[in-house]
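Undergrad: Any chance you can model this:
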Amino acid sequence: MFDLAEAVGVGKVALELAKEIRGIVACYVAELDRAASPQAADTPATERARATGLALPLSSAGVFISYRRADATREATMLRDAIVKQLAPVLAKRMQQRVSRLPAEDCAALSRTAVSKSIFLDQESIAPGDDFTRVIDNRMAHSCAYVILIGPDWNPSTTSAGSQRLDAADDWVRTEVESALRHDVSVFPVLLRGARMPSAESLPASLRHLVKMQAMRCDSDHQVDSIAEHIVAVAARKEAELHDVWEHHAPAGDEAFSFRDFRNDIGYVGRCRTVTDASGLRPIPHGYGVMYLPLGPLRGMWREGHMDYGVLNYVDGDTYEGEFTKSAKDENDRHGVGIYRLSDGCRFTGQYRNNQQHGFGLYDYADGAWFAGAYLRGARYTGIGCQSGYVVDVVYQGQTFTVPPIPAPPRD
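TA: Next up is the predicted model:
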C-alpha cells in the first residue's frame, strides 16, 4: 500500500528544489546573454569579425545547392567550384594567422577540403544508406544560404493530364524547398538559360512563398562567378552577425577559433584553448562558444573541452537550459540541474543524470496540470500529480494510485 504522507512530502521537496533550479538556470542564461553581447556596439559586426579572423564564411554554416539533375547538373557543379575558388584562399589565410606553425601548403589543402565539405550537393553529400529526408533537413538547419537552380526543365509535366513533378509529395526537389522555407536560411533562386520564375498558381501551396524571393539570372557561364560572389558575401554577413561576440570574453592567452568536423557533422565557433596531446597541437573549446550539432545548436560556457552549462535548441523545437555532463564519453548529455521545454508547451524542471530525469523534479503540462516528485532513471518513482489545485494522483515506488482530491501544496 502506498504512503500518501511520504508522497506528498517528496512532492513538497521537489517543488522547493524546482524554485531553486529556476533561479540557477536564470543566472546561467543571463551569463550567456552577457557573453553574447557585442563589446563595441558602434563597430560593424562584419568588420569586427574580419579584423579578428573570427568568423570564416561558411565554416560553421554551409551553402545548400538544390537542382534537378536533368536540368542543371552542370551549373550546380560550376557554382560549387566557384564558391570553393573564392573562399578557400580566405580560409587558408585565416588558418595560417591562427596557427602560424602550419605550413602554407597544408593550410591551402585543408581550406579547399573544408569549403568543399560545407557545400551541399546531393550526389556528393549523401552517403549510401543515409535517410535522404533526414540528411536534407539536418544540413538545411546548419546552412545559411539555400541556392535553387531553376532551368527550363525544373518542373516538367509527368502525365498527359498535366501533373507536374513538384505535385508529388515525395519529389526530392520539393522536399528541399519545403525544408528551406521552414528554416531560417536565405533563399536564392537562380534562373538558368532563359527560364522564368514559376507562378504561385503553378506550385504546390507549401512552395508558393518561393515566388516572393528575388531571383538572379544566369544565362551564360561567365555569370557563375558573380553569382557565387553574391552568395558568399550574403552568407558571410549572416554568419558574422552570429559570431561577432567572442573576442571580448576570454582570459588572456585564449583565442577565438572555429572548426568543422564533417565526418560527424559538428561545427564550433567560439573560445578555445590550445593543448598538446598524443595527436599533437590542437584547439579545444574553452570559454563561451556555440557547438553546431545534428541535434541543434548548443551555446554555452565550455571548460577544457567540455560543456559546463548552456542552452541546446533542438531541431524539433524543444529546448534545454542547464548543466551538462563533464564526461568525455557523454559530453553533450543533460547532467545536473536544468529546465527542458517541449515544443508542445510542457516543461520539466529538475535534476538529470546521464541524459535522463533522475532526482527531484517538477513536470508542468500545457493544460495546467503538474507532477512533483522523485524520478528514477527517467521514470516517476514517488510524488503527487495535481490538477486545478488538488492532488488527484499519487505515485509511490513506481506505481500510480488515484486518490480523492486533496489540496495541493503551494507552488511558490
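
Undergrad: The top helix by length along the chain: which residues count as buried?
TA: If you go by DSSP state H, the chain has its longest helix at helix 4-35. Using 16 or more other Cβ atoms under 10 Å as the test for burial, helix 4-35 gives 7-15, 17-18, 21, 24-25, 28-29, 32, 35. Using the backbone N, CA and C atoms, a C-beta is placed for each residue, glycine as well.

Undergrad: measure the residue lying closest to S388 once chain neighbours are set aside to P409 for me?
TA: Nearest non-adjacent residue to S388, counting by Cβ to Cβ, 6 or more residues apart in numbering: G368, 7.5 Å away. Distance of G368 to P409, given as Cβ to Cβ, to the nearest Å: 16 Å.

Undergrad: more crowded one of these two?
TA: A count of neighbours by other Cβ atoms under 10 Å puts P409 above the other of G368 and P409, at 16 against 10.

Undergrad: residues in contact with that one?
TA: Going by Cβ atoms under 8 Å, 6 or more residues apart in numbering, P409 touches 8, 11-12, 15, 372, 384.

Undergrad: farthest-separated two in those residues?
TA: V8 and L15 (10.5 Å; Cβ to Cβ).

Undergrad: Report the mean per-residue pLDDT for stretch 90-98.
TA: On average, the pLDDT along stretch 90-98 is 65.

Undergrad: rewinding a little: ok, so of the contacts of P409, who is nearest T175?
TA: Of all these, T175 sits closest to A372, with 42.9 Å by Cβ to Cβ.

Undergrad: Please identify the buried residues of stretch 205-218?
TA: In stretch 205-218, counting by 16+ other Cβ under 10 Å, buried: 207, 210, 215, 218.

Undergrad: which stretches of the protein form helices?
TA: Applying DSSP H to the chain gives helices spanning 4-35, 45-52, 69-98, 104-117, 122-125, 132-141, 172-182, 224-242.

Undergrad: I'd like these as JSON lines, with distance to R353 appended.
TA: Rendered in JSON lines, the data for those read as follows (distance: least, Cβ to Cβ, whole Å):
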{"stretch": "helix 4-35", "distance to R353": "14"}
{"stretch": "helix 45-52", "distance to R353": "39"}
{"stretch": "helix 69-98", "distance to R353": "38"}
{"stretch": "helix 104-117", "distance to R353": "36"}
{"stretch": "helix 122-125", "distance to R353": "37"}
{"stretch": "helix 132-141", "distance to R353": "28"}
{"stretch": "helix 172-182", "distance to R353": "34"}
{"stretch": "helix 224-242", "distance to R353": "32"}
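
Undergrad: which stretch among these comes nearest I339?
TA: helix 4-35 (5.2 Å).

Undergrad: Figure out how far the closest one is from the centre of its chain.
TA: Distance of helix 4-35 from its chain centroid, counting by Cα atoms, centre = their mean, to the nearest Å, is 27 Å.

Undergrad: same thing with stretch 278-297?
TA: Distance, centroid of stretch 278-297 to centroid of chain: 14 Å (Cα atoms, centre = their mean).

Undergrad: For it, buried residues please.
TA: For stretch 278-297, by 16+ other Cβ under 10 Å, it's 283-293, 295-297.

Undergrad: CA atoms only for that stretch - export them in CSV, please.
TA: The C-alpha trace of stretch 278-297 is given here as CSV (Å, rounded to 0.1, in the frame of the first residue of the first chain):
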residue,chain,number,x,y,z
ALA,A,278,49.2,12.3,-28.4
SER,A,279,47.6,13.7,-31.6
GLY,A,280,49.7,16.9,-31.5
LEU,A,281,48.8,20.5,-31.1
ARG,A,282,45.0,21.1,-31.2
PRO,A,283,42.4,23.6,-30.0
ILE,A,284,39.7,22.6,-27.5
PRO,A,285,36.6,24.7,-26.6
HIS,A,286,37.2,26.8,-23.5
GLY,A,287,35.0,29.8,-22.7
TYR,A,288,31.9,31.0,-24.5
GLY,A,289,31.1,29.3,-27.8
VAL,A,290,28.5,27.6,-30.0
MET,A,291,28.7,24.0,-31.0
TYR,A,292,26.7,23.1,-34.1
LEU,A,293,25.4,19.5,-33.6
PRO,A,294,23.0,17.4,-35.7
LEU,A,295,20.6,17.7,-32.7
GLY,A,296,20.7,21.5,-33.0
PRO,A,297,23.0,24.5,-31.9
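
Undergrad: Touching, G378 and H358? I think so.
TA: Yes - counting by Cβ atoms under 8 Å, G378 does reach H358; the two are 7.0 Å apart.

Undergrad: more crowded one of these two?
TA: Ranked by neighbour count (other Cβ under 10 Å), G378 and H358 place H358 first, with 20 against 12.

Undergrad: Quick check: that one vs W302, distance?
TA: Separation of H358 from W302 (Cβ to Cβ) stands at 24 Å.

Undergrad: Low-confidence bits of the stretch 101-250 of the chain, can you list those?
TA: Along the stretch 101-250 of the chain, segments meeting pLDDT under 70 span 101-103, 106-107, 110, 123-125, 159-162, 184, 235-250.

Undergrad: hmm, back to that, ok, which of the helices of the chain comes nearest P198?
TA: helix 172-182 (11.0 Å).
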